[in-house]
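>>> Have a look at this prediction, sequence included:
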Amino acid sequence: QVRLAESGGGLVQAGDSLSLSCVISGRVVIGEAVSWFRQAPGKEREFVAGLQWGSEKPIHASFAEGRFTVSTGNARMTLYLHMNNLKPEDTAVYFCALQVLSSGVPTTTGAYDHWGPGAQVTVSS
């Protein structure tokens, strides 16, 4: 059974940094798309950043370019999101997601097969 579990969320101040982790279990995801999405209150879930596991070509949403970095760790199948210079508008629940049998990195929620329960990130001004 595939399982994704996020951790590392919390309350920070504007300008701070925070890193999220997503441990993936139950499946070897080499070559598959793994991504971060976020959902703020009253808004739709949106793509943040993602990559194909084993690729060194991540993609980032425009708002994430230069501030957020997505990466992987192989000791455990772990996806990371390193966030710098956080802003109050980054407040959201952050989700990791997996698309099996990928041929790219989709940016739409419907393309993903498995999701974690989410981690709350709150940025105070």
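Yep, it's here. Numbers count the residues shown, from 1 in each chain.
>>> Please make it C-alpha for all contacts and neighbour counts, starting now.
Fine.
>>> Where does the prediction get shaky in the chain?
Residue ranges of the chain with pLDDT under 70: 74.
>>> what are the bridge partners for the spatially most central residue of it, then?
Nearest to the geometric centre of the chain sits W36, at 2.1 Å (C-alpha atoms, centre = their mean). Assessed by DSSP bridges, W36 has beta-bridge partners A49, C96.
>>> same thing with Q13?
Taking DSSP bridges as the rule, Q13 bridges to S124.
>>> From G26, how far off is V48?
Going from V48 to G26 by C-alpha to C-alpha, to the nearest Å gives 24 Å.
>>> who has more neighbours, those two?
Looking at V48 and G26 with other C-alpha atoms under 10 Å, you find the greater number of neighbours at V48, namely 25 against 10.
>>> shouldn't that one be in contact with A61?
Yes: at 5.2 Å, V48 counts as touching A61 under the criterion of C-alpha atoms under 8 Å.
>>> Run through the bridge partners of I24.
When bridges are called by DSSP bridges, I24 pairs up with L4.
>>> Right, I'll call it a day here.
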